[in-house]
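1. just need the structure, nothing else, for what follows:
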Amino acid sequence: MTVALASDVEEFLQDQVRAGVCADASELVNDVLRSLRDQQRTPFELTPELETWLLAAASQPAAPATKSDFTGISERKQRPNNSGHIFY
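-> Numbers count the residues shown, from 1 in each chain. Okay, the predicted model is just below:
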């Protein structure tokens, strides 16, 4: 299988190999994909601590969203996060 990588992703991958995070690019790609697969297979667990936090947060008054809130969200959506992923 051949996979085309965006230039920034390829650069990040090469940086990780040079830094010794993995032996080679294939090892890192396999590790990342296995991690993603395992994460997707693991059901979300609502712990008592998380439930308590969510209930407390839900009981707080919410501030209305402003134009700058939406601008910030739009800008973050267009740039990769620290892991190099762009989320939509």
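2. which intervals of the chain have sub-threshold pLDDT?
-> 79-88 (pLDDT under 70).
3. select the longest helix from it.
-> In the chain, taking DSSP state H as the definition, the longest helix is helix 25-41.
4. got the buried residues for that helix?
-> residue 28 (16 or more other Cβ atoms under 10 Å). C-beta here means a position set from N, CA and C on the backbone, and glycine is covered the same way.
5. same check, this time on stretch 12-23
-> 12-13, 17, 22.
6. next, residue 61: secondary structure please.
-> coil (DSSP: H, G, I helix; E, B strand; the rest coil).
7. how many neighbours does it have?
-> Neighbours of residue 61 under the rule other Cβ atoms under 10 Å: 4.
8. what's the closest of the buried residues of stretch 12-23 to residue 3?
-> residue 13 (10.9 Å; Cβ to Cβ).
9. could you measure from that closest one over to residue 20?
-> Separation of residue 13 from residue 20 (Cβ to Cβ, to the nearest Å) stands at 13 Å.
10. one more: residue 74?
-> From residue 74 to residue 20 the distance is 37 Å (Cβ to Cβ).
11. what of residue 47?
-> Following Cβ to Cβ, the distance that separates residue 47 from residue 20 is 35 Å.
12. ok, back up a step: who touches the longest helix of the chain?
-> With Cβ atoms under 8 Å, 6 or more residues apart in numbering as the contact definition, helix 25-41 has outside contacts at 3, 13-14, 16-17, 21-22.
13. could you identify the most distant pair in those?
-> Top of the distance list for the contacts of helix 25-41 (Cβ to Cβ): 3 and 21, 18.8 Å.
14. follow-up on the earlier one: okay, the buried residues of stretch 12-23 in a markdown table with secondary structure and distance to residue 29 next?
-> Formatted as a markdown table, these follow (DSSP: H, G, I helix; E, B strand; the rest coil; distance: Cβ to Cβ, whole Å):
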| residue | secondary structure | distance to residue 29 |
| --- | --- | --- |
| 12 | helix | 11 |
| 13 | helix | 7 |
| 17 | helix | 11 |
| 22 | coil | 9 |
